[in-house]
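Undergrad: What shape does this take:
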Amino acid sequence: MDADFSASHHFRKDDIMPVSYNRISLTDSIGYSEILDPKLKTNTLRIQFFHPLEKESAAKSALAFSLLTTSNAVYPSMEELAKKLDTLYGISLTSGVTKFGDFQACGITVRTIADRYALHQEPLLQEMTDLLLTCLLQPNCVADGFTEFEFQTKQKDLLDTIEAEINEKRAYATAQALETAFQNEPAALSCYGKKEDVLALTPQNTLAAYREVLHTAPAEILFGSTALLLYKEADWFPSPADRLFPLKIMYKNMSCPDLQRWRRDGTIP
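TA: You can find the predicted model right below:
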C-alpha cells in the first residue's frame with residue numbers, strides 16, 4: 001500500500017482486524033458465510049445450490065448453470081456481457097458444477113478488486129452483487145427456453161468437457177473406480193452427465209431443470225473480502241454495522257417468483 005494512500009486515510013494499528021469467519025443460517029435451507037481477511041485485495045461472492053445427483057438431471061443442471069454466465073436478459077449476448085465485465089476492472093464471472101458425495105453442487109462466482117483499490121473508489125461490491133443477481137434471476141430466455149445460439153454453444157462445450165475427461169486417463173480411471181465402488185448409488189454418477197444425456201437436452205427442458213433447482217435446492221452464499229475496517233468518514237467500504245452488505249443487496253433485489261421463499265422464510269440479521 002503506497003504511503004500517500006495510507007497517509008490520506010490515517011490508518012492506525014487498531015483499524016486492522018484479524019481474520020474472521022461467520023456463518024448464519026437464514027432458513028433451514030439457506031446459509032450465509034462470511035470470511036474477512038486483511039490479506040485479501042479482492043471481493044468474492046458465490047452462491048451454490050445443492051441437490052441430489054440424478055442421472056435424469058445432472059446434465060441439465062450442468063448445462064443450465066454454464067448458460068447463466070454466458071449472457072442474461074440485461075446483457076443478451078456474450079459480447080455485451082464481456083464489455084460490461086471490462087468496465088468493472090476485468091471482473092471474474094464464472095459458473096461451475098461439482099460432485100459432493102450424493103449431491104451435485106451448482107453455482108456462480110463473481111470476483112473483483114476491493115472498492116478501495118479502484119481508481120475512483122467505484123462501488124464495485126454493489127456492481128458485482130447486482131451482476132450476480134442478474135445472472136441468477138434474469139437468464140437469457142425466449143418463451144420457455146434458453147436462447148438457441150447460446151444453448152448450442154454451451155452444449156458443445158459440455159460435450160467437449162465430458163470427452164476431455166474420458167481422454168484424460170487419470171480422471172477417467174478415477175471416474176471408473178467411483179462408478180464401480182458406488183454401483184447403483186448417486187455417487188457413481190458424473191456431475192456432468194453422460195454424452196447421450198447432453199445430446200438429448202433442449203433449451204426448454206434445460207430451463208425447466210434450472211427453475212426446479214431454484215424452487216427446491218438448499219443454497220449456500222459465501223462472501224470473502226478484506227478485513228480492513230476504517231473510520232466512519234470512509235464511504236468506499238461498508239461500515240461494521242453493514243458487514244452483511246452483499247447479502248442485504250441480494251435479499252432486497254430478489255423478485256423472481258422462483259425465489260419468493262427467500263423473502264417468505266428468510267430474515268436479515
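
Undergrad: What separation do you get for D144 and Q138?
TA: D144 sits at a distance of 15 Å from Q138 (criterion: Cβ to Cβ, to the nearest Å). Yep, even glycine has a C-beta here, placed from its N, CA and C like the rest.

Undergrad: scratch that, P18 is what I was asking about
TA: Taken as Cβ to Cβ, the span from P18 to Q138 is 38 Å.

Undergrad: and these two? which has more neighbours close in?
TA: Neighbour totals were compared for P18 and Q138, and Q138 leads with 15 against 8 (other Cβ atoms under 10 Å).

Undergrad: Quick check: chain neighbours aside, which residue is closest to that one?
TA: A73 (4.0 Å; Cβ to Cβ, 6 or more residues apart in numbering).

Undergrad: list the contacts for the one you found?
TA: T134, Q138, P139, N140, C141 (Cβ atoms under 8 Å, 6 or more residues apart in numbering).

Undergrad: how about 7 Å then?
TA: Neighbouring residues of A73 by Cβ atoms under 7 Å, 6 or more residues apart in numbering: Q138, P139, N140.

Undergrad: from those residues, which is closest to S190?
TA: P139 (23.8 Å; Cβ to Cβ).

Undergrad: Let me know the pLDDT of that closest one.
TA: Looking at P139, its pLDDT is 93.

Undergrad: measure it to P203 for me?
TA: Taken as Cβ to Cβ, the span from P139 to P203 is 11 Å.

Undergrad: Identify the contacts common to the two.
TA: Shared contacts of P139 and P203 (Cβ under 7 Å, 6+ apart): F146.

Undergrad: Which residue, neighbours along the chain excluded, lies closest to N205?
TA: Using Cβ to Cβ, 6+ apart and skipping residues adjacent in sequence, the residue nearest N205 is K60, 6.4 Å away.

Undergrad: what comes up buried for the strand or helix carrying that neighbour?
TA: Secondary structure assigned from DSSP states H and E places K60 in helix 58-68. Neighbour counts over helix 58-68 (16 or more other Cβ atoms under 10 Å) mark A58, A59, K60, S61, A62, L63, A64, F65, S66, L67, L68 as buried.

Undergrad: thought the fifth one was touching L158?
TA: Yes: with contact defined as Cβ atoms under 7 Å, A62 reaches L158; the gap is 6.1 Å.

Undergrad: For the stretch 1-150 of the chain, just list every one of the strands.
TA: 20-25, 30-36, 42-52, 92-100, 103-113, 141-142, 145-146 (DSSP state E, counting those that start in this stretch).
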